[in-house]
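**Student:** got a sequence here, can you build the structure:
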Amino acid sequence: MNTMPYVKELMSETRVSVLPDISVYDAVDLLVAKKMTGIPVIDENDILVGFFTEKDCIRLQATSHQYNMTGRTVSDIMSTIQEALHPDRDLLSAANVFLRCNFSTLPVMEGVCLVGSITRQQVIHGIQRWHHKRGQEFVQEKADQKMVNNPSSIDQMQALVGKSSKQQLASMFSGRHER
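**Tutor:** Got it, this is the predicted structure:
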């Protein structure tokens, strides 16, 4: 049986983070260079204090002509963490969290420790693979049931006998002569 994947199976480990006092322009450069949708903001005690997102960058760039951005830091414009996921959360419940929030990336936390992040794309990909496997299993179960109900060749009959217990065979054959 194909079980629902968990966040820990698809999340990315946190390899890049920024301090709250880094220049916003340096953070934007890093976000673009790493092709990330968001960067965790970690304080000097290794505590997650926010997320610097693409949306924060767009907001900054759209309004920077109106304000003096010299000396502005990530902590001035970062997004606060409203939601976080646990690594053992299944992907369908993770998808529901993404539906409630406006972030494309969410932190994955064990207690107060940041262990990674997961994107909407990763969740979509994981659920899609799960649905695909479930569909394949359903088709196989249907074919197996058809063979049990009506084997159409000696090969199918031999395969059926080979993988069935005596009780299963007795049940199958007892029903056949009553038809």
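**Student:** isn't there a strand covering residue 3?
**Tutor:** No - secondary structure assignment places residue 3 outside any strand; it is coil (DSSP: H, G, I helix; E, B strand; the rest coil).
**Student:** burial of it, as a residue count?
**Tutor:** 9 (other CB atoms under 10 Å). To be clear about C-beta, it is placed using only N, CA and C from the backbone, and glycine gets the same treatment.
**Student:** now residue 128
**Tutor:** Residues near residue 128, counting by other CB under 10 Å, number 11.
**Student:** okay, buried residues for stretch 21-28 please.
**Tutor:** 22, 24, 27, 28 (16 or more other CB atoms under 10 Å).
**Student:** just the pLDDT for the last one.
**Tutor:** Here, the pLDDT recorded for residue 28 equals 91.
**Student:** follow-up on the earlier one: looking at the buried residues of stretch 21-28, which is nearest residue 9?
**Tutor:** residue 27 (29.2 Å; CB to CB).
**Student:** pull the distance from the helix or strand containing the closest one to the chain's centre.
**Tutor:** In the assignment (DSSP states H and E), residue 27 maps to helix 24-34. Its chain's C-alpha centre lies 25 Å from the corresponding centre of helix 24-34 when counted by CA atoms, centre = their mean, to the nearest Å.
**Student:** what sits up against whatever helix or strand comes next after that helix?
**Tutor:** Later in the chain than helix 24-34, the nearest helix or strand by DSSP H and E is strand 38-42. Outside strand 38-42, the residues within contact range by CB atoms under 8 Å, 6 or more residues apart in numbering are 14, 16-20, 27, 30-31, 48-54, 74-75, 78-79, 103-105, 107, 114, 117.
**Student:** buried subset of those?
**Tutor:** 14, 17-18, 20, 27, 30-31, 48-54, 74-75, 78-79, 103, 105, 107, 114, 117.
**Student:** can you flag which of these belong to helices?
**Tutor:** Among these, DSSP state H puts 27, 30, 31, 54, 74, 75 in helices.
**Student:** need those residues in a markdown table (columns: distance to residue 3).
**Tutor:** Output for those, formatted as a markdown table (distance: CB to CB, whole Å):
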| residue | distance to residue 3 |
| --- | --- |
| 27 | 39 |
| 30 | 37 |
| 31 | 35 |
| 54 | 33 |
| 74 | 39 |
| 75 | 41 |
